[in-house]
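Enquirer: model this:
(2 chains)
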Amino acid sequence: EAGVVQSPRYKIIEKKQPVAFWCNPISGHNTLYWYLQNLGQGPELLIRYENEEAVDDSQLPKDRFSAERLKGVDSTLKIQPAELGDSAVYLCASSSPWGEHRGEQFFGPGTRLTVL
Amino acid sequence: KQEVTQIPAALSVPEGENLVLNCSFTDSAIYNLQWFRQDPGKGLTSLLLIQSSQREQTSGRLNASLDKSSGRSTLYIAASQPGDSATYLCAVNLDNFNKFYFGSGTKLNVKP
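Expert: Model (predicted):
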């Protein structure tokens, strides 16, 4: 079974430019998470979806960040405009409330963003 | 807010040694706790998930324990190998809100 897929793996942009990240969760996982990870730190939640509904976006900087999961499957996270401080790794994860691995998060490889 | 602390921040051991990584949390009303490993430049790999009703979980050379009353979990690695070198993170899920709080991790180096 395929794991969580993210693209691109790396992105270098100039400040003030827009950028978008894409995530495809494990098939059947209704919960999707976007995290930000700075060097030497644990991931911090940006937004969590239950199916197509954003149920926790309290840590998402809404002035420049947006996200969508229109059909409750794949998701896109956008930053516009990017700032130098947005340089980090953006991680996507998914989980399911059912089955042998209920509640267990599975992560994608992440997108490393560098803002110049 | 749940605070999750992992001590030590870094650990270096010779190959073959048994070792314990620690994770402490401030709010005992947890739903589950998950241990991950992260290799440089990679995403997180799930190692073990402990539900709040469980005391421990085992997978191969790994054993994770959970003591909710004291706000602690430990990850025991038996007979460590150089391939175990990575950063180990714990994440606490508060009360089935699917909101995970992560520690900053313990960076493990196993020397040949």
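
Enquirer: next one: the lowest-mean-pLDDT helix or strand in chain A, is it in contact with chain B?
Expert: In chain A, the helix or strand scored least confidently by mean pLDDT, DSSP states H and E is strand A:53-56, which has a mean of 92. Yes. Using Cβ under 8 Å from any Cβ of the partner chain, strand A:53-56 reaches chain B at A:D56. C-betas here are computed from N, CA, C, even on glycine.

Enquirer: other SSEs contacting that strand?
Expert: strand A:44-50 (3 or more Cβ pairs under 8 Å, 6 or more residues apart in numbering or on different chains; DSSP states H and E).

Enquirer: what are the buried residues along the least confident helix or strand of chain A?
Expert: A:A54, A:D56 (16 or more other Cβ atoms under 10 Å in any protein chain shown).

Enquirer: after that strand comes which helix or strand?
Expert: strand A:65-68 (DSSP states H and E).

Enquirer: what's the closest non-adjacent residue to whatever residue of chain A ends up closest to chain B?
Expert: Closest residue of chain A to chain B, Cβ to the nearest Cβ: A:G42 (3.0 Å). Counting by Cβ to Cβ, 6 or more residues apart in numbering or on different chains, the nearest residue to A:G42 once its immediate chain neighbours are dropped is B:F102, at 3.0 Å.

Enquirer: near that neighbour, how many other residues are there?
Expert: Neighbours of B:F102 under the rule other Cβ atoms under 10 Å in any protein chain shown: 23.

Enquirer: what's the pLDDT at it?
Expert: At B:F102, the pLDDT value in this model is 96.

Enquirer: I'd guessed it sits against A:P43; true?
Expert: Yes. In this structure, B:F102 is within contact of A:P43 by Cβ atoms under 8 Å, at 5.2 Å.

Enquirer: give me the common contacts of the two.
Expert: B:L89, B:A91 (Cβ atoms under 8 Å, 6 or more residues apart in numbering or on different chains).
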